[in-house]
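J.: For reference, the sequence and a predicted model appear below.
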Amino acid sequence: MMRQSFSWGNYPHKPQRLQKLASLDTDLPQHSFLPYGMGRSYGDSCLNSEGVLLSSAALKRFISFDPASGILKMEAGVSLADILALVVPHGWFLPVSPGSKFVTVAGAIANDVHGKNHHSAASFGNHVLQFELCRSDGRRLLCSESENTEFFYATIGGLGLTGFISWAEIQLKPITSMMIDVESIKYRNLDEFFVLAKESAESFEYTAVWLDASAKGSDLGRGHFLRGNHVEETNDLSSKALSVFPQKRHTVPFTPPLSLVNGLSVKLFNQLYYARQRAIKKQFTQHFDPFFYPLDSILQWNRIYGRAGFLQYQCIVPTAQAEAAMRELLQTIADSGSGSFLVVLKTMGDIASKGLLSFSRPGANLAIDFPFQGKKTLTLLSRLDQIVKSAGGALYPAKDARMSAELFQQAYPQWQQLEQLRDANITSDFWQRVTKG
Ligand SMILES: Cc1cc2nc3c(=O)[nH]c(=O)nc-3n(C[C@H](O)[C@H](O)[C@H](O)COP(=O)(O)OP(=O)(O)OC[C@H]3O[C@@H](n4cnc5c(N)ncnc54)[C@H](O)[C@@H]3O)c2cc1C
């Protein structure tokens, strides 16, 4: 089956063949394939132009749920949205969530995704109890911290390369309310950001920042610092209360030929958005859905970047280099006049991620979208790479479509261990690109 786009950024745009794994009992292909979830990875780590994408879309069953302990077992293709709908009414929540709930549980494991609570809960893999890994030689490995441990750690953040996860079991976290107590602080520059990040890490479970990437000089790095905690009093957790969200969704109905995101619209949007909040500090209580998933309310928002698609640049730089490197990165982006409405900055905590190849590590993490404008975009991103490389940082494979083999291998020195555990029939365009240099 051919479909127009298989990764969220729609860059690179390469034809793919999609095949559904019919059930947990079906044998794996004996030719080149790559496990596939909902294609919410931005670049080419979820693409395999030389073989097929083996989709988990038919594996949507919950296997067991214990409302007393919060242990949930499900097939690979169950989405985080499905999980929330089942468990919130029983007083449980995802231990870690990325900025979209339209991702599968296996995809969340394979990228070891992180969320607004990285500083307090680390990444998704830290909450996975066990899973089954199917290898194309017919083996089915039960993987946990006590069984097949090598495969357990290599599959968390293992980019789908070690085998097909058929089911997984995770530990949820308890909640007493669907609501989040939120503080939004309008801060003036990067210095203020780092002070707020430090001060908030102790007392707020969730933190993240929307940042004005067009601001320069003394305004460099300005934005809105968002921090929140689950409301502690017991509140209505019923399915009826849950169904209030998601609110009415909007869809971008078609892909325009050219990007609607350009230097002018970005500058205007950023200035207006920054000014939107008048008070320095705003406090309010908000349903978890708009707090965690503001982008999910506009379905297929990725289309606004036009037919050429877009790239997200997501990097992390170690704490000691964070302030200087972020200053240089943001200055370079602001000077280029490129960038977008969506810029996220966050400091990550120092609880170690479990995956052999996890992106999440202590430091400052910046994510920004760029409409693809050919050589101009690639040259700018290569300049950003130099800053990240000198600071000893890393780019996030889930968002990447172009980093060099050299930068990848410097940032992920364990890649050869993963290569040894890789299933012989599994590969991705990303893996071909970053391991062959
Ligand atoms: C709006 C938006 C916001 C996001 N915010 C964040 C964020 O805050 N933090 C973050 O970390 N990420 C974020 N992401 C990225 C997203 O969470 C990850 O890319 C996620 O892994 C996508 O899951 P998926 O089910 O779509 O998997 P896909 O993108 O289809 O695949 C991802 C990886 O999982 C592997 N895989 C899929 N199924 C299986 C299986 N059954 N067995 C083995 N491997 C498998 C694939 O081979 C691939 O390597 C965001 C994405 C979007 C679109």
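T.: Perfect, I can see it now.
J.: Find the least confident helix or strand in the protein, judged by mean pLDDT.
T.: helix 239-242 (a mean of 67; mean pLDDT, DSSP states H and E).
J.: what's the next secondary structure element after that one?
T.: strand 250-251 (DSSP states H and E).
J.: That following strand pairs with which strands?
T.: Take DSSP bridges as the rule and strand 250-251 pairs in its sheet with strand 298-299 (parallel).
J.: State the mean pLDDT of the strand it pairs with.
T.: Confidence for strand 298-299, expressed as mean pLDDT, is 78.
J.: so, in contact with the ligand or not, it?
T.: No - using Cβ under 6 Å from any ligand atom, strand 298-299 stays clear of the ligand, coming no nearer than 9.8 Å. Every residue, glycine included, has its C-beta placed from N, CA and C.
J.: So which bits of the stretch 51-200 of the chain are right by the ligand?
T.: 56, 76, 98-100, 103-104, 106-108, 110-111, 113-115, 159-160, 164-165.
J.: Can you flag which of these belong to helices?
T.: Ala106, Gly107, Ala108, Ala110 (DSSP state H).
J.: quick check, nearest of those to Trp8?
T.: Gly107 (11.4 Å; Cβ to Cβ).
J.: Could you dump the ones in helices among the residues of the stretch 51-200 of the chain next to the ligand into JSON lines and include pLDDT, distance to Ala398 and neighbour count?
T.: Compiled in JSON lines, these are given as follows (pLDDT from 0 to 100; distance: Cβ to Cβ, whole Å; neighbours: other Cβ atoms under 10 Å):
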{"residue": "Ala106", "pLDDT": "98", "distance to Ala398": "13", "neighbour count": "26"}
{"residue": "Gly107", "pLDDT": "98", "distance to Ala398": "9", "neighbour count": "28"}
{"residue": "Ala108", "pLDDT": "98", "distance to Ala398": "10", "neighbour count": "29"}
{"residue": "Ala110", "pLDDT": "98", "distance to Ala398": "9", "neighbour count": "29"}
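J.: Turn those residues into a markdown table, columns for distance to Arg139.
T.: A markdown table is the format used below for those (distance: Cβ to Cβ, whole Å):
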| residue | distance to Arg139 |
| --- | --- |
| Ala106 | 18 |
| Gly107 | 22 |
| Ala108 | 23 |
| Ala110 | 18 |
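J.: ok, so of the residues you listed, who is nearest His224?
T.: When those are compared against His224 (criterion: Cβ to Cβ), the nearest one is Ala108, at 26.6 Å.
J.: what's the neighbour count on the residue nearest to Ala364 when sequence neighbours are not counted?
T.: Using Cβ to Cβ, 6 or more residues apart in numbering and skipping the chain neighbours, the partner closest in space to Ala364 is Ala322 (3.8 Å). Using other Cβ atoms under 10 Å, Ala322 is surrounded by 23 other residues.
J.: Run through the residues that contact Ala322.
T.: By Cβ atoms under 8 Å, 6 or more residues apart in numbering, the residues touching Ala322 are Phe194, Thr347, Gly363, Ala364.
J.: Now for the third one: which residues touch it?
T.: So the one you mean is Gly363. Gly363 neighbours (Cβ under 8 Å, 6+ apart): Ile316, Val317, Pro318, Thr319, Gln321, Ala322, Thr347, Met348, Gly393.
J.: With Lys282 instead?
T.: If you count contacts by Cβ under 8 Å, 6+ apart, then Lys282 has Glu183, Ser184, Ile185 around it.
J.: Contacts only, for the first one.
T.: For Glu183, the set of contacting residues under the criterion of Cβ under 8 Å, 6+ apart consists of Phe204, Leu226, Arg227, Gly228, Lys281, Lys282, Gln283.
J.: Correct me if wrong: Asp181 contacts Thr285.
T.: Yes - the pair Asp181 / Thr285 is scored as a contact, 5.7 Å apart, by Cβ atoms under 8 Å.
J.: Which one of the two is surrounded by more residues?
T.: Asp181 (17 against 13).
J.: ok, Tyr412 - how many residues close by?
T.: Neighbour number of Tyr412 under other Cβ under 10 Å is 20.
J.: Not counting its neighbours along the chain, what's nearest it?
T.: Leu357 is the one closest to Tyr412 (Cβ to Cβ, 6+ apart), at 5.4 Å.
J.: Next up, identify which helix or strand that neighbour is on.
T.: Here Leu357 is assigned to no helix or strand, by DSSP H and E.
J.: what residues are up against it?
T.: Leu357 touches Ala154, Gly157, Gly158, Leu159, Pro397, Tyr412, Gln414, Trp415, Leu418, counting by Cβ under 8 Å, 6+ apart.
J.: Poorly predicted segments of the stretch 151-300 of the chain, please.
T.: Along the stretch 151-300 of the chain, the model assigns pLDDT under 70 to residues 239-249, 261.
J.: I'd like to know the beta-bridge partner residues of Trp92.
T.: Applying DSSP bridges to Trp92 gives these bridge partners: Pro174.
J.: My guess is it contacts Ser69. True?
T.: No - in this structure Trp92 lies outside contact range of Ser69 using Cβ under 8 Å: 9.6 Å.
J.: Looking at those two, which one has more neighbours?
T.: Neighbour comparison, Trp92 and Ser69: the larger count goes to Trp92, with 24 against 11 (by other Cβ under 10 Å).
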